[in-house]
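> what follows is a predicted structure for the sequence shown.
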Amino acid sequence: MTTFTQQITVVRGRGARTNGSGRYEAEARDAFDDGWTPDDIEPARLTTTVSPEKAKVIITRNDSPDVGFSASINPYRGCEHGCIYCYARPAHAYMGLSPGLDFESKLFFKPDAARLLERELSKETYVPDVIHIGGNTDPYQPQERRLRITRQVIEVLARFNHPFSVISKSGLILRDLDLLAPMAEKNLVRVAISITTLDRKLARSMEPRAATPEKRLDAVRRLSDAGVPTVVMFAPAIPGLNDHEIEAVLERAAGAGARGAGYVALRLPMEIADLFQEWLATDHPDRASRVMSLVRQMRGGKTYDSQWGKRMKGEGPLAALMSRRFAVAKQRLGIAGKLPPLDLSLFRVPPKPGDQIDLFG
């Protein structure tokens, strides 16, 4: 069993409890209680900083057999939603920062995202493929309201008639219905809304700065009403914590107009394992040992198994039962069918001012 030596302090509005050094740092610094801090002192509020990141390209490629896309765009690095389970946390170590509190308070954005995307799509050698927005961190996290990087990216995709998918747990996505709805009419867009629980208290604890469950269901409803094909992601499914809500979440999502659903079993790679257990110890001490026991039962006795084909769903009887429950619920609710592929044939590089018109194009 993991023994924690760091001082665990709940910082208001944040998911992680500690801010241990990244794994690539030469020196490790851990906070600890020296006995001099009065018990009644409130922890200092953590201020969010947002810094520009200079990128050379904006489309990221992958060949993973476990994800449903090979091309993606991530307008932001780090995420203020602060979801304790976020699989993107370990990437902050590459920046010399902590996957803990740094991940949700020291953010980076790509101011040139739209320009870089237009340049890449305009290349003669470019072959269109569905681009997924938000494969790493949420493209509609709170800073998007001010920075509008995601909207600028979608504006470029709209001008090029380029198909894309996007995933978020934010109601802010509704701001861009004026772009999404016309693209949906051309079969150029698909949206996934992440809903992990219907319990407001659990959602606030687990995803402290994300939209409430009801706001997410409202996003599903309004997107669907506008003709935008929308699916719901129950991710992560955490045994002993939220997995009992699988059927309830799918039923509410189907009632709101969702056309499909997917799930991912809890993943705890690298630093996330300790961060998640610290969170369990403070927020759910009564079930912490039970949850981790069930997680290990789905991961071959370990906290995580990164093997292709296993990392997303787990293995063993519990994993099989979770998969079966999900499939049965989708079938019963009429959301088990696959959505048609997005249209790649409409892609065109728009003419620039001063270009000659092709009379025979």
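That came through, no problem.

> what about the helix or strand bottoming out on mean pLDDT in the chain, distance to the chain center?
Here the helix or strand of the chain ranked lowest by mean pLDDT, DSSP states H and E is strand 60-61, holding a mean of 92. Offset of strand 60-61 from its chain centre (Cα atoms, centre = their mean, to the nearest Å): 16 Å.

> residue 221: how many residues sit nearby?
Other residues lying near residue 221 total 17 when counted by other Cβ atoms under 10 Å. All C-beta spots, glycine's among them, are computed from the backbone N, C-alpha and C.

> excluding residues flanking it in the chain, which one is nearest it?
Nearest residue to residue 221 in three dimensions, chain neighbours excluded: residue 256, at 4.1 Å (Cβ to Cβ, 6 or more residues apart in numbering).

> who are the packing partners of the least confident helix or strand of the chain?
Here strand 60-61 touches strand 71-73, going by 3 or more Cβ pairs under 8 Å, 6 or more residues apart in numbering; DSSP states H and E.

> all strands for the stretch 251-361 of the chain, in order.
Secondary structure of the stretch 251-361 of the chain (DSSP state E, counting those that start in this stretch): strands at 260-265.

> helices of that one, start to end?
Using DSSP state H, counting those that start in this stretch, the helices found in the stretch 251-361 of the chain span residues 272-283, 288-297, 317-333.

> nearest to residue 157, of these?
helix 317-333 (29.1 Å; Cβ to Cβ).

> what lies in contact with the closest one?
Helix 317-333 has contacts (Cβ atoms under 8 Å, 6 or more residues apart in numbering) with 234, 237, 239, 243, 246-247, 250-251, 254, 260-261, 263, 265, 294, 297-298, 313-314, 336.

> can I have the buried ones of those residues as a PyMOL selection?
Only the buried entries of the contacts of helix 317-333 go into this PyMOL selection, using 16 or more other Cβ atoms under 10 Å:
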select buried, resi 234+237+239+243+246+250+254+260+261+263+265+294+297+298+313+314
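
> and the residue nearest to residue 221, how many neighbours does it have?
Neighbour tally, residue 256, other Cβ under 10 Å: 21.

> roughly how far does it sit from residue 204?
Computed as Cβ to Cβ, to the nearest Å, the residue 256 to residue 204 distance reads 21 Å.

> with residue 323 instead?
29 Å.

> and residue 182, which of the helices of the stretch 251-361 of the chain is closest to it?
Among the helices of the stretch 251-361 of the chain, the nearest to residue 182 by Cβ to Cβ is helix 317-333 (28.8 Å).

> which elements pack onto the biggest strand by length in the chain?
Longest strand in the chain, counting residues (DSSP state E): strand 230-237. When contacts are defined as 3+ Cβ pairs under 8 Å, 6+ apart, strand 230-237 sits against strand 189-194, helix 213-225, helix 246-255, strand 260-265.

> could you dump the ones you listed to CSV with distance to residue 278 and mean pLDDT?
Listed next are the helices and strands packed on strand 230-237 as CSV, based on distance: least, Cβ to Cβ, whole Å; pLDDT from 0 to 100:
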stretch, distance to residue 278, mean pLDDT
strand 189-194, 23, 98
helix 213-225, 24, 98
helix 246-255, 26, 98
strand 260-265, 20, 96
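
> most tightly surrounded among those?
Highest mean neighbour count of the helices and strands packed on strand 230-237: strand 189-194, a mean of 25 (counted as mean count of other Cβ atoms under 10 Å).

> how about the contacts made by residue 192?
Applying Cβ under 8 Å, 6+ apart to residue 192 gives the contacts 165-168, 230-233, 262.

> next one: residue 184
So residue 184 contacts 226-229 (Cβ under 8 Å, 6+ apart).

> on the three-state scheme, it is what?
Three-state assignment for residue 184 (DSSP: H, G, I helix; E, B strand; the rest coil): helix.

> any idea how far the residue nearest to residue 221 lies from residue 335?
Relative to residue 335, residue 256 is positioned 11 Å away (Cβ to Cβ).

> ok, now residue 276?
Separation of residue 276 from residue 335 (Cβ to Cβ): 29 Å.

> more neighbours: those two, which one.
For residue 276 and residue 335, the more surrounded residue by other Cβ under 10 Å is residue 276, and the numbers stand at 28 against 19.

> so that one is in contact with residue 86, correct?
No - if you go by Cβ atoms under 8 Å, residue 276 and residue 86 don't touch, sitting 9.9 Å apart.

> of the contacts of residue 192, which is the nearest to residue 341?
Of all the contacts of residue 192, residue 165 has the smallest distance to residue 341: 11.0 Å, by Cβ to Cβ.

> dump the residue contacts of the nearest residue to the closest one once chain neighbours are set aside.
Of all residues not flanking residue 165 in the chain, residue 190 sits nearest, at 4.5 Å (Cβ to Cβ, 6+ apart). Residue 190 sits next to 165-166, 228-231, 339, 342 when contact means Cβ under 8 Å, 6+ apart.

> so where is the stretch 1-150 of the chain shaky, pLDDT-wise?
Applying pLDDT under 70 to the stretch 1-150 of the chain flags residues 1-9, 21-44.
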